[in-house]
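# have a look at this prediction, sequence included:
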Amino acid sequence: MNFPLIITDPEVCGGKPVIRGTRIMVKNILGLVAGGYDRVRIREAYPQLSNEDISEALAYAAQIVEEDQVFAHA
């Protein structure tokens, strides 16, 4: 899957995946979702994000989990 709204650049946030044109890391969006935020609250926290940005961040994270080795914690 292609993610044109997600970039990684060593000069931006240490190379962590961010929303293009921002310094908003995908992990920040995931953290808000994990904390119970819906799209409205996420956009209140980050008004420069679009619904498409949020959707792509979630899809990107899902793809990473699918591809990488996941470790179970006992």
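Received, thanks. Numbers count the residues shown, from 1 in each chain.

# what about the helix ranked longest in the chain, average pLDDT?
The single longest helix within the chain, with elements called by DSSP state H, is helix 51-67. Across helix 51-67, the average pLDDT comes to 94.

# how about stretch 31-43?
98.

# touching that stretch from outside, list them.
The contact list for stretch 31-43 (Cβ atoms under 8 Å, 6 or more residues apart in numbering) reads 29, 45, 49, 51, 54, 58. Quick note: C-beta positions are derived from backbone N, CA and C, even for glycine.

# buried residues, it. List them.
32-33, 37, 42-43 (16 or more other Cβ atoms under 10 Å).

# nearest to residue 19, of these?
Closest to residue 19 out of the buried residues of stretch 31-43 is residue 42 (11.3 Å), distances taken as Cβ to Cβ.

# can I assume the closest one sits in a strand?
No: looking at residue 42 with DSSP: H, G, I helix; E, B strand; the rest coil, it is helix, so not inside a strand.

# work out for me the element the closest residue to residue 22 other than its chain neighbours sits within.
The shortest distance from residue 22 to any non-neighbouring residue, by Cβ to Cβ, 6 or more residues apart in numbering, is to residue 48 (6.0 Å). For residue 48, there is no host helix or strand (DSSP states H and E).
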